[in-house]
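**Q** I'd like to go over a predicted model; first the sequence, then the structure.
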Amino acid sequence: MAEQAVATAIVDAHGITRDFTSGSSVVHALRGIDLRVLPGEFVALRGRSGSGKTTLLNILVGLDDPTSGTVIVLGRELAKMSETERAHLRSHNVGMMFQNAHLFPSLTAQENVEIPLRLVRMDPAQRTKKARQALELVHLGPRAHHRGLELSGGEQQRVALARALVHEPQFIVADEPTGNLDSMTGRDITHLLREITHRTNIGMLIATHDMTVVNAADRVLQINDGLIVEG
């Protein structure tokens, strides 16, 4: 079983450290982290502010480099990839969500979802089709032509999720995606994230303080002072 898990891992990180220099001192943000995410896994990464959650997410998608350790995403070691190759990985295989939806308020929901496809110069007809499919997946099809300013906070996060899904990624990282939502809306978004993870067989890693997300997770990782433990 262990060999099968290694073979099918979407993300496989070993011995990840990240040090930052602050004046004459060194801050050890991550202290030797091992982490694996499998297809169809909804994984919560919990920890207080400053515990290293965002730093770890940035390293796992190639936005930052570890001081030491190895990160393999979809069978490729990030350290051996150029910046162009990493950008290609993010635009084709990785989705990202944040605490703020970061929508363009003057664009419609559909136009916001289409942005990643415009960046890869997808044919307009195919782009429109995929954006509508992504909005339907997050149960927001009827709001496709409403502008960002006309959407509620929960609807904006659904658009952000559709945008993260539109290029059919195999791995999604989300940094506090329910942090700005009321408890009921946060619960709805959490259930939607879990449902989509299991239905599409992607790997989902969510950094969170939200116990609703923690309780819904297939697996919970606790990060304290740059170290991870299960549970």
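**A** Sure, I can see it.
**Q** Next up, phi/psi of the residue nearest to Thr108 when sequence neighbours are not counted, please.
**A** Of all residues not flanking Thr108 in the chain, His145 sits nearest, at 5.0 Å (C-beta to C-beta, 6 or more residues apart in numbering). All C-beta spots, glycine's among them, are computed from the backbone N, C-alpha and C. In this entry, His145 is assigned phi and psi values of phi -100, psi 10 (degrees, to the nearest 10).
**Q** Asp12 contacts Arg76, correct?
**A** No - under the criterion of C-beta atoms under 8 Å, Asp12 makes no contact with Arg76, lying 10.6 Å away.
**Q** Looking at the two, which has the bigger crowd around it?
**A** Set side by side, Asp12 and Arg76 give different neighbour counts by other C-beta atoms under 10 Å, the larger being at Asp12 (21 against 15).
**Q** Spell out the secondary structure type for the more buried one.
**A** Classification of Asp12 by DSSP: H, G, I helix; E, B strand; the rest coil places it in strand.
**Q** check contacts around it.
**A** Contacts of Asp12 were listed using C-beta atoms under 8 Å, 6 or more residues apart in numbering, and they are Val6, Leu35, Arg36, Val71, Ile72.
**Q** From Leu56, how far out is the second one?
**A** As defined by C-beta to C-beta, to the nearest Å, Leu35 lies at a distance of 8 Å from Leu56.
**Q** swap in the last one?
**A** If you measure Ile72 against Leu56 using C-beta to C-beta, the figure is 15 Å.
**Q** neighbour-wise, which of these two wins?
**A** Ranked by neighbour count (other C-beta under 10 Å), Ile72 and Leu56 place Leu56 first, with 28 against 18.
**Q** Could you check how many residues crowd around Glu77?
**A** Applying the criterion other C-beta under 10 Å, we find 11 residues in the vicinity of Glu77.
**Q** contacting residues for it?
**A** Contacts of Glu77 (C-beta under 8 Å, 6+ apart): Thr70, Val71.
**Q** try 10 Å
**A** Contact analysis of Glu77 by C-beta atoms under 10 Å, 6 or more residues apart in numbering lists Asp12, Thr70, Val71.
**Q** quick one, phi/psi of it?
**A** Backbone geometry at Glu77, expressed as degrees, to the nearest 10, gives phi -80, psi 120.
**Q** Quick check: it vs Gln170, distance?
**A** Counting by C-beta to C-beta, the separation of Glu77 from Gln170 is 16 Å.
**Q** which secondary element of the chain has the worst mean pLDDT?
**A** The element with the least model confidence among the helices and strands of the chain, by mean pLDDT, DSSP states H and E, is helix 2-8, at a mean of 49.
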